[in-house]
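A.B. asks: here are the coordinates; sequence isn't available:
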């Protein structure tokens with residue numbers, strides 16, 4: 001099926017410059033009653049240099065093509081889905097004047113007509129990201145090579161090239177992911193959706209085993225449990241060396257069958273190390289029971 005082909009000035013090229021595409025490539029995709037795919041609202045299709053076919057977006061290409069991914073920076077030509085003219089990549093069609101992307105990036109060749117989204121191009125990541133822009137709601141950390149929320153400026157933990165890795169839960173690429181990411185206290189990153197599922201069962205980072213978020217409430221609950229439940233009689237007076245995974249400090253704790261508290265930071269994210277020893281003059285960890293911590297929850301009507 002031949003399609004129209006114009007140059008940057010809008011003049012039709014010779015018939016020899018026309019290309020043949022499968023009918024499915026030429027069909028105008030619709031999603032939710034608007035032109036575009038499930039990923040983007042747009043009036044253009046990208047010509048993939050790698051396989052010579054038309055796709056609604058790079059994500060559609062990667063889902064439908066095995067063995068390789070689309071290089072967004074290599075795209076040079078797009079098809080206007082309104083008039084079917086193949087042309088150099090631009091925000092508006094040079095033939096019919098249709099807006100192919102209210103947001104358009106000439107570097108990433110990203111088109112998006114969804115005006116509810118805010119998108120910006122980060123010159124350091126060299127890709128487009130969701131948000132209002134650098135200095136507004138995000139800043140670029142040069143060590144992490146990632147765009148970080150302005151709310152975390154000066155407080156986030158840096159790990160070199162932290163998002164140029166795979167998610168430790170689903171093993172999908174993080175740098176190019178369109179899903180929202182979650183930065184942990186230790187500096188490692190995973191998909192927010194993966195974090196929510198993983199956090200239902202675990203509290204420590206799967207990579208470094210440090211606590212993923214503020215655990216002070218949980219530690220208070222364990223303080224109450226430890227102070228309220230004495231160790232078995234045969235363990236009274238026995239101490240064990242422990243190493244805190246969170247702060248890295250070593251200390252000793254009452255030998256128990258369940259939890260051992262860090263004597264430095266109060267975390268229970270600890271491991272035992274060395275040989276337990278008996279100290280007849282030691283009266284146990286200085287943990288008082290107090291009242292059990294309260295939890296805010298909505299009451300029934």
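C.D. replies: Yes, it's here. Please read all numbers here as calculations on a predicted model, not as lab measurements.

A.B. asks: Might you report the residue contacts of residue 44?
C.D. replies: Counting by Cβ atoms under 8 Å, 6 or more residues apart in numbering, residue 44 touches 78, 79, 80, 81, 89, 100, 101, 111. Just so you know, the C-beta spots here come from the backbone N, C-alpha and C atoms, and that holds for glycine as well.

A.B. asks: make that residue 246, sorry
C.D. replies: Residue 246 touches 210, 211, 262, 265, 267, 269, counting by Cβ under 8 Å, 6+ apart.

A.B. asks: Would you tell me what helix or strand it is located in?
C.D. replies: Per DSSP states H and E, residue 246 falls between elements, in no helix or strand.

A.B. asks: and it, how far is that from residue 212?
C.D. replies: From residue 246 across to residue 212, the span is 11 Å (Cβ to Cβ, to the nearest Å).

A.B. asks: one step back: quick one: which of the contacts of residue 246 is nearest to residue 234?
C.D. replies: residue 262 (24.3 Å; Cβ to Cβ).

A.B. asks: Surely residue 214 touches residue 203?
C.D. replies: No: the pair residue 214 / residue 203 is not scored as a contact, 10.5 Å apart, by Cβ atoms under 8 Å.

A.B. asks: between these two, who's got more neighbours?
C.D. replies: residue 203 (15 against 9; other Cβ atoms under 10 Å).

A.B. asks: Can I get the contacts of residue 44 in JSON lines including distance to residue 277?
C.D. replies: Output for the contacts of residue 44, formatted as JSON lines (distance: Cβ to Cβ, whole Å):
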{"residue": "78", "distance to residue 277": "73"}
{"residue": "79", "distance to residue 277": "76"}
{"residue": "80", "distance to residue 277": "78"}
{"residue": "81", "distance to residue 277": "76"}
{"residue": "89", "distance to residue 277": "72"}
{"residue": "100", "distance to residue 277": "74"}
{"residue": "101", "distance to residue 277": "70"}
{"residue": "111", "distance to residue 277": "68"}
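
A.B. asks: mind listing the strands for the stretch 201-301 of the chain?
C.D. replies: Using DSSP state E, counting those that start in this stretch, the strands of the stretch 201-301 of the chain run over 238-244, 250-254, 270-272, 277-278.

A.B. asks: repeat for the stretch 1-150 of the chain
C.D. replies: Counting by DSSP E, counting those that start in this stretch, the strands of the stretch 1-150 of the chain are 4-5, 30-31, 34-35, 44-47, 54-55, 77-80, 85-88, 103-105, 110-112, 119-122, 127-130, 138-141, 146-149.

A.B. asks: Give me the contact list for the third one.
C.D. replies: Among residues not part of strand 34-35, those counted as contacts by Cβ under 8 Å, 6+ apart are 28, 29, 41, 42, 43, 81, 82, 113.

A.B. asks: Ok, stretch 118-126 next?
C.D. replies: 73, 103, 105, 107-108, 110, 112, 127-134, 138, 140, 142, 145-147, 175.

A.B. asks: ok, and for stretch 50-69, which residues are buried?
C.D. replies: 53, 54, 55, 56, 57, 58, 59, 60, 61 (16 or more other Cβ atoms under 10 Å).

A.B. asks: Can you tell me which of those is closest to residue 231?
C.D. replies: Closest to residue 231 out of the buried residues of stretch 50-69 is residue 59 (55.6 Å), distances taken as Cβ to Cβ.

A.B. asks: Which residues are in contact with the closest one?
C.D. replies: Counted by Cβ under 8 Å, 6+ apart, residue 59 has contacts 37, 39, 178.

A.B. asks: Among those residues, which one has the most neighbours?
C.D. replies: That'd be residue 37 among these, by other Cβ under 10 Å, with 17 neighbours.

A.B. asks: contacting residues for the residue nearest to it when sequence neighbours are not counted?
C.D. replies: If the residues on either side of it in the chain are set aside, residue 37 comes closest to residue 56, at 3.8 Å by Cβ to Cβ, 6 or more residues apart in numbering. Shown in contact with residue 56 (Cβ under 8 Å, 6+ apart): 29, 36, 37, 39, 40, 42, 45, 46.

A.B. asks: can I assume residue 235 is in contact with residue 253?
C.D. replies: No: Residue 235 lies out of contact with residue 253 (Cβ under 8 Å); the separation is 11.4 Å.

A.B. asks: Perfect, I'm done here.
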